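Undergrad: Predicted coordinates and the sequence they were generated for:
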Amino acid sequence: MELKIVIGAGQQNNNPGWIHTQEEEMNLLNREHWRERFLPNSLSAILAEHVWEHLTYEEGVQAASNCFNFLKPGGYVRCAVPDAFFQNEWYQNMVKVGGPGPEDHPAASHKIVHNYKTLSSTFKDAGFDVVLLEYCDEEGEFHYREWDENKGFIYRSKRFDHRNQNGKLGFISLIVDAIKPG
């Protein structure tokens, strides 16, 4: 049996057959939460859509290390975060550290806005191999690699976000697959 979990699922249920978790029950940084629910090397996949930006860089590495310990060899984390290199003023204002406005705004707890280099190194520092799926480079050029949504659906992506229409990108994510070697 494949065990696949969604971290910080919120109200989304776009991944049937996956275990959907919330921060209170499955905190990325709380090793006891991991131990209470899973055995080391038992998970096939972990999905985190717009979660890692709520962690500092160091916390992100710690969270990636926890994921690494509980994934089977060949298992992966599909991680999507706001992209620091997406050249859209409205978007950057929405995703900036501290958020665009009141404390109850979802972005108010953003601690970092990753680019493809920082997010990749977060996972590499924990031992993962990283495959970039969607990202912008330093010049703001968008790069896309075909990916299978059945291996972890990301709504805030080129293909699925309703704000991306008529060939114009309105909202994207930096998306990586971090794969445990073996």
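TA: Cool, got the structure. This structure is a prediction, so every number in the text was calculated from the model and none was measured.
Undergrad: Longest strand of this protein, counting residues only.
TA: In the chain, assigned by DSSP state E, the strand with the most residues is strand 71-81.
Undergrad: as a whole number, average confidence for that one?
TA: Average pLDDT, strand 71-81: 98.
Undergrad: where does residue 167 land on pLDDT?
TA: Looking at residue 167, the pLDDT reads 89.
Undergrad: cool, residue 96 as well?
TA: Here, the pLDDT recorded for residue 96 equals 94.
Undergrad: How about residue 150?
TA: Residue 150 is given a pLDDT of 94.
Undergrad: Tell me how far it lies from residue 14.
TA: Noted for residue 150: a distance of 11 Å to residue 14, by Cβ to Cβ, to the nearest Å. The C-beta positions use only the backbone N, C-alpha and C, and glycine is treated the same way.
Undergrad: quick one, which of these two is more surrounded?
TA: More crowded of residue 150 and residue 14, by other Cβ atoms under 10 Å: residue 14, with 16 against 9.
Undergrad: Could I get the phi/psi values of that one?
TA: With angles defined as degrees, to the nearest 10, residue 14 sits at phi -90, psi 0.
Undergrad: And for residue 166?
TA: Taking degrees, to the nearest 10 as the convention, residue 166 sits at phi 50, psi 40.
Undergrad: Who are the contact partners of the residue nearest the centre of the chain?
TA: Centre of the chain computed as the mean C-alpha position; nearest residue by Cα atoms, centre = their mean is residue 79, 2.4 Å away. Residue 79 sits next to 48, 51, 52, 119, 123, 175, 176, 177, 178 when contact means Cβ atoms under 8 Å, 6 or more residues apart in numbering.
Undergrad: Which residue, other than its chain neighbours, is closest to the second one?
TA: Going back to what we said before, that points to residue 51. residue 8 (4.3 Å; Cβ to Cβ, 6 or more residues apart in numbering).
Undergrad: wait, that neighbour sits on residue 23?
TA: Yes - with contact defined as Cβ atoms under 8 Å, residue 8 counts as touching residue 23 (5.9 Å).
Undergrad: So the two - more neighbours on which side?
TA: residue 8 (19 against 16).
Undergrad: For the helix or strand bottoming out on mean pLDDT in the chain, which helices and strands make contact with it?
TA: Least confident element among the helices and strands of the chain, by mean pLDDT, DSSP states H and E: strand 19-20 (a mean of 91). For strand 19-20, the packing partners by 3 or more Cβ pairs under 8 Å, 6 or more residues apart in numbering; DSSP states H and E come out as strand 4-7.
Undergrad: Great, nothing more from me.
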